[in-house]
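# Just a sequence and a predicted model for now, questions to come.
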Amino acid sequence: VVSESGRIARVLVDVPRAEPLDYAVASGAPAPNVGALCVVPLGARKVVGVVADVTGSTAVPVAKLKRIDRLIGVPPLPQGWLQLTKFAADYYLHGWGEAAIAALPPLLRRPAGPRHETTLQHLRGNLPAPQAVPAAAPIELLPAQRHAVEHIVAATGFGSHLLFGVTGSGKTDVYLEAIARRLAHAPDAQVLLLVPEINLTPQLEARVRARFGSVPTVSLHSGLADRARAAAWLAALEGRARIVLGTRTAVFVPLPRLVLICVDEEHDPSYKAGDGIRYSARDLAVKRAQIEGIPVVLGSATPSIESWAHARAGRYALLQLPERASTTGRAAAGARVETLDLKHEPREGGLTAPVRTALAQALARGEQALVFINRRGYAPILACESCGWLSSCPQCAAFAAFHRSEGRLRCHHCGWSVAVPRACPSCSNQDLEPVGSGTQRIEEALRVALPGARIARLDRDSVRRKHAARDTLQAMHAGDVDVMVGTQMLTKGHDFRRVSVVVVLNADTQLVSHDFRATERLFATLTQVIGRAGRAGLASRALIETRFARHPLLAALAANDYAAFADGVLRERQAAQLPPAVFQALVGAESRTMEAALGFLREIKAQLIGRAASLAVKVYDPVPMTLSRRAGVFRAQLLLESAARGALHALAREVDPESTKGLRPAVRLRIEVDPQEI
Ligand SMILES: [Zn+2]
Ligand SMILES: [Zn+2]
């Protein structure tokens, strides 16, 4: 059908793998703008769509052509936003409509009827109008910080900058200064600052507000209520917000006047989406900067090996901050790293003698300590010593952890839980023993070892209560806590002033993991946790318990030499032909039986193998995933690998997730590009 020009809109709707659908513009209504949000009929439903194009012709027969219901009263999404969602869809092998609608805030994904306009008006609330940026606050920057800022603000057009700064070197001051300088250029300019964790946004928000005063700033993360999230999104789209702080999903926030993107802790795995479209917000931030023709800054003390490779190859500018900056602008020393060989230092009640001594000394000096253990609960396993029974989750191929205070066994993979049995379920022996230690057991051991010390715990269990994390951290900052024990949560950028001892328990499982990324992650985690010590210039120690005291990772950590470590990892990956030397995509299958999941992947492999040979893509044999069963579902994977990204994508595109329809037992298929866990 050929119609009058401007009377056909191609609309993005949430349909798996579909092209935009054609709709007629109602007679009498003006042609919508490209990027407009609208409500359209889809089957029997009404759905929200985004106008991707406006044209005069369609292949849809007139009788079948439906009309746009109505337009939603927000400005059209910018061209760059459409390009970004199109790229994300193509790259991560989803439909453009799926990617576009998923990128909207939840409230705007639902067609709310005519009341929508009132809601939108409410959301606009009273965020102040754009204002000029106040003159630079008097932050004294170290020479390396100043150099980094100059480099970033001097950049014209697209450019990626890897800001490699040791922990405590003041990367945030570099972002804030660069942001100030870029915002000062244009009265309507906007910047995007991404952080990995929701818990970090309030802290950063406080610093941004302290630095920029009245410059309209919004935060965007999944912890916000739907209305607050939609309000922040709208303020960004309408240009009322000039600084947007956000976690992963914020990479998609529409910003018509974007001039700079900063990605803090760019190595952090939480930038990778774990469900839906499995995108990397870090990688999309770089793409977005390229689309917009602006600079992007990726900051980390332990950059991802991928970004490090880009910097080494000269594709990213490497900006280094080799010194720690104290609040006074002076350089501050880092902690001295010592390994404690567990072969020679027996644990008593969960703690070795040197650890007890170091903690007691810190307390005697009125200083604080952190104890890091990457396991929550009391113990990872409960065991019967008489028959060998171990607490396992009935739904997962995993153990159920012992949570003593609740008196429950709990699976950390699927959430299954049960009251601790009074006796061994298999032999009725009444003495069940915890095996290994989690945060709760270490907390208990610390209370025994350090009578009178004020001890706090920070992990997913201790922060369930609203504001619990904030309260615990505030108590730590205020000096009302002597020793804080916790998981990864301890490591995320907290600026504790009086920590002089850091203890790392049980890092060995990651030292000897089969996942080739495990050491990279461990180095990052340990660098972060060690970096919490000595921030205000206190002489500090970091004690790492291990059975592998000669492991090269621990040597590099002690020398505080990430560059040498990363160069070594890069050489190994090159030699072993692992990412980033090659590119990978993963086809995952889930089913009620392992045989069905593996069987289907074998069929896919058979279908792909001819084309794979001509494209020079390697197709591995299907295997069960590391966690082979989760929540009652068996999981298997098929790995595709190639030195050429284009060839890998071409092959991966041939896998159709819909092809499992009608199979018994049912098989669910998903495809992940650049998987982070294999
Ligand atoms: Zn037993
Ligand atoms: Zn489970």
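Cool, got the structure. Ligands and ions are numbered 1, 2, ... in the order given.
# So which bits of the protein are right by ligand 2?
Where the chain comes near ligand 2, counting by CB under 5 Å from the ion, the residues are Cys393, Gln395, Cys396, Cys411, His413, Cys414, Trp416. Using the backbone N, CA and C atoms, a C-beta is placed for each residue, glycine as well.
# For Ala273, state which of these is nearest.
Sorting these by distance to Ala273 puts His413 at the head of the list, at 18.5 Å, by CB to CB.
# Now do the same contact list for the closest one.
His413 makes contact with Cys393, Cys396, Ala398, Leu627, Arg630, Ala631 under the criterion CB atoms under 8 Å, 6 or more residues apart in numbering.
# What of Arg454?
Taking CB under 8 Å, 6+ apart as the definition of contact, the neighbours of Arg454 are Asp480, Val481, Asp482, Val483.
# quick revisit: I'd like the residues of the chain next to ligand 2 as JSON lines, with secondary structure and pLDDT appended.
As requested, the residues of the chain next to ligand 2 are exported to JSON lines (DSSP: H, G, I helix; E, B strand; the rest coil; pLDDT from 0 to 100):
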{"residue": "Cys393", "secondary structure": "coil", "pLDDT": "97"}
{"residue": "Gln395", "secondary structure": "coil", "pLDDT": "96"}
{"residue": "Cys396", "secondary structure": "coil", "pLDDT": "96"}
{"residue": "Cys411", "secondary structure": "coil", "pLDDT": "97"}
{"residue": "His413", "secondary structure": "coil", "pLDDT": "94"}
{"residue": "Cys414", "secondary structure": "coil", "pLDDT": "95"}
{"residue": "Trp416", "secondary structure": "coil", "pLDDT": "96"}
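# which of the residues you listed tops the neighbour count?
Ranked by neighbour count (other CB atoms under 10 Å), those have Cys393 at the top, with 24 neighbours.
# Ramachandran coordinates for it?
phi -80, psi 130 (degrees, to the nearest 10).
# what's the answer for the one 3 residues further on, then?
Phi and psi for Cys396, reported as degrees, to the nearest 10, are phi -130, psi 160.
# What of Val39?
Residue torsions, per degrees, to the nearest 10, at Val39 are phi -110, psi 130.
# Hmm, Arg70 and it touching each other?
Yes. Between Val39 and Arg70 there is a contact under CB atoms under 8 Å: 5.4 Å.
# Of these two, which one has the most company?
When neighbours are counted by other CB under 10 Å, Val39 comes out ahead of the other of Val39 and Arg70, with 21 against 17.
# Retrieve the pLDDT associated with the more buried one.
Reading off the confidence values, Val39 has pLDDT 94.
# what's near enough to touch it?
Taking CB under 8 Å, 6+ apart as the definition, contacts of Val39 comprise Lys46, Val47, Val48, Gly49, Ile68, Asp69, Arg70, Ile72, Pro111.
# swap in Gly95?
If you count contacts by CB under 8 Å, 6+ apart, Gly95 has them with Val15, Pro16, Arg17, Ala18, Glu19, Ala89.
# Pipe the residues you listed into JSON lines and attach distance to ligand 1, pLDDT and secondary structure per row.
As requested, the contacts of Gly95 are exported to JSON lines (distance: CB to the ion, whole Å; pLDDT from 0 to 100; DSSP: H, G, I helix; E, B strand; the rest coil):
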{"residue": "Val15", "distance to ligand 1": "54", "pLDDT": "89", "secondary structure": "coil"}
{"residue": "Pro16", "distance to ligand 1": "49", "pLDDT": "85", "secondary structure": "coil"}
{"residue": "Arg17", "distance to ligand 1": "51", "pLDDT": "77", "secondary structure": "coil"}
{"residue": "Ala18", "distance to ligand 1": "55", "pLDDT": "80", "secondary structure": "coil"}
{"residue": "Glu19", "distance to ligand 1": "60", "pLDDT": "87", "secondary structure": "coil"}
{"residue": "Ala89", "distance to ligand 1": "53", "pLDDT": "96", "secondary structure": "helix"}
